[in-house]
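Engineer: sequence and predicted structure below; questions after.
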Amino acid sequence: MITKEQIAADYREIQDEICAALELTDGKAHFEEEQWEREGGGGGRTRIIQNGDIFEKGGVNFSAVHGQLPHTMKKALNVEQDDFFATGVSIVIHPNHPMVPIIHMNIRYFEMPSSFKPGQQPVRWFGGGIDLTPHYVFEEDARYFHGHLKSVCDSYPHDFYPRFKLWADDYFFIKHRNETRGIGGIFYDRLTANEELNLEQIFEFSKAIGRSFAPVYTELVNRNRNKDFTKEHQAWQYQRRSRYAEFNLVYDAGTRFGLETNGRIESILMSLPPTAQWVYNFQPVAGSEEENTLNLLKKGINWA
């Protein structure tokens, strides 16, 4: 049976691999690391990249924390035990170029050690996902991104991609704007062992998603980093960043979990962009690139 120590060690390795790939892609900036400890148990490694050739701000964070769950989180997770262990890697990258997309990825594992008793079903599950938020939606890039994710998912049960793609459409949805945060991706939560998959196989899937990040995002960056853009394009980029901030502060479950479990604020809120704008009652010009992007921020588009 895989242990939480093994899972955490493999996640740390994935953090290392992704940071190395992103530094190589940017070509200028390097990650700054801050190791931290959580009051109550555990800690992590926050790695931030800033003011790069293409990456204006980004974080690739690892954490492995444990302790006692607050009552609000016990209720939200529908569990009776008090103790928990959680580990994962969380990534958000905000590029300085409006034609290069924002990207987010998270892979995580959660368990309650006190549930590991004979005759009792242990509480152990994986969650995560990866999604893309272009400032301007390029359909060829969207098809490439989703096609890559589908190829990873198709190595596992046949319904992984359609099920997790639908889950992402529903999850990464800004209800008060009636628009998706971006073009989606995949999202899953509380994936646990069953007759079809054991926990080791789910862990392999989690790592496969983690290791899909670097090649797919490097490709998308290099496709778009040398495109020309105007001040108007950048103003639109800042407006799309405001929608990203709204989602993360209002709806994001990871943000809520981190705050409820006394997590490290700087690491939790590293997902927020360095600059954003809220334009009052913005209406795109008919037939513009901005209108086309808004028309594609909808659930249920079959990109793959």
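Structural biologist: Noted; the coordinates are in hand.

Engineer: residue 270 belongs to a helix?
Structural biologist: Yes - counting by DSSP: H, G, I helix; E, B strand; the rest coil, one finds residue 270 located in a helix.

Engineer: name the nearest residue to it, sequence neighbours excluded.
Structural biologist: Nearest residue to residue 270 in three dimensions, chain neighbours excluded: residue 59, at 3.8 Å (CB to CB, 6 or more residues apart in numbering). The way it works is simple: take the backbone N, C-alpha and C, and place the C-beta from them, glycine included.

Engineer: so what pLDDT did the one you found get?
Structural biologist: pLDDT, residue 59: 97.

Engineer: that one - how many residues pack around it?
Structural biologist: Applying the criterion other CB atoms under 10 Å, we find 20 residues in the vicinity of residue 59.

Engineer: so where do the helices sit in the stretch 51-200 of the chain?
Structural biologist: Counting by DSSP state H, counting those that start in this stretch, one finds helices in the stretch 51-200 of the chain at the ranges 71-77, 139-153, 160-171, 199-224.

Engineer: can I get the ones you listed in a markdown table with mean pLDDT?
Structural biologist: Listed next are the helices of the stretch 51-200 of the chain as a markdown table, based on pLDDT from 0 to 100:
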| stretch | mean pLDDT |
| --- | --- |
| helix 71-77 | 74 |
| helix 139-153 | 98 |
| helix 160-171 | 97 |
| helix 199-224 | 97 |
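
Engineer: quick one: closest of those to residue 252.
Structural biologist: Minimum separation from residue 252 across the helices of the stretch 51-200 of the chain (CB to CB) falls at helix 160-171, 9.2 Å.

Engineer: sketch out the low-pLDDT regions of the chain for me.
Structural biologist: For the chain, applying pLDDT under 70 flags no range at all.

Engineer: how close does residue 138 sit to residue 101?
Structural biologist: 9 Å (CB to CB, to the nearest Å).

Engineer: buried residues, stretch 78-89. List them.
Structural biologist: 79, 84-89 (16 or more other CB atoms under 10 Å).

Engineer: repeat for stretch 264-278
Structural biologist: Buried residues in stretch 264-278, counting neighbours by 16+ other CB under 10 Å, are found at 264, 267-273, 276.

Engineer: same thing with stretch 58-69?
Structural biologist: Going through stretch 58-69 with 16+ other CB under 10 Å, the ones that come out buried are 58-67, 69.

Engineer: just name the closest of those to residue 248, please.
Structural biologist: Relative to residue 248, the closest of the buried residues of stretch 58-69 is residue 59; by CB to CB it sits at 12.3 Å.

Engineer: now do the contacts for the closest one.
Structural biologist: The contact partners of residue 59, taken as CB atoms under 8 Å, 6 or more residues apart in numbering, are 46-49, 90-93, 267, 270-271.

Engineer: please, a ChimeraX command that selects the buried ones among these?
Structural biologist: ChimeraX command restricting the contacts of residue 59 to the buried ones, with burial defined by 16+ other CB under 10 Å:
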select :46,47,48,49,90,91,92,93,267,270,271
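
Engineer: using TSV, lay out the contacts of residue 59 together with distance to residue 194.
Structural biologist: Formatted as TSV, the contacts of residue 59 follow (distance: CB to CB, whole Å):
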residue	distance to residue 194
46	34
47	35
48	38
49	38
90	26
91	28
92	31
93	34
267	32
270	34
271	31
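
Engineer: tell me which of the contacts of residue 59 is nearest to residue 111?
Structural biologist: For residue 111, the nearest member of the contacts of residue 59 is residue 90. The distance, counting by CB to CB, is 17.9 Å.

Engineer: send me stretch 30-38 as CSV with only the CA atoms.
Structural biologist: The C-alpha atoms that make up stretch 30-38 are tabulated as CSV, following Å, rounded to 0.1, in the frame of the first residue of the first chain:
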residue,chain,number,x,y,z
HIS,A,30,14.6,31.9,-11.8
PHE,A,31,12.4,30.7,-9.0
GLU,A,32,12.9,32.0,-5.5
GLU,A,33,12.2,29.4,-2.8
GLU,A,34,10.8,29.9,0.7
GLN,A,35,10.5,26.9,3.0
TRP,A,36,7.8,27.3,5.6
GLU,A,37,6.3,25.5,8.5
ARG,A,38,2.6,25.4,9.4
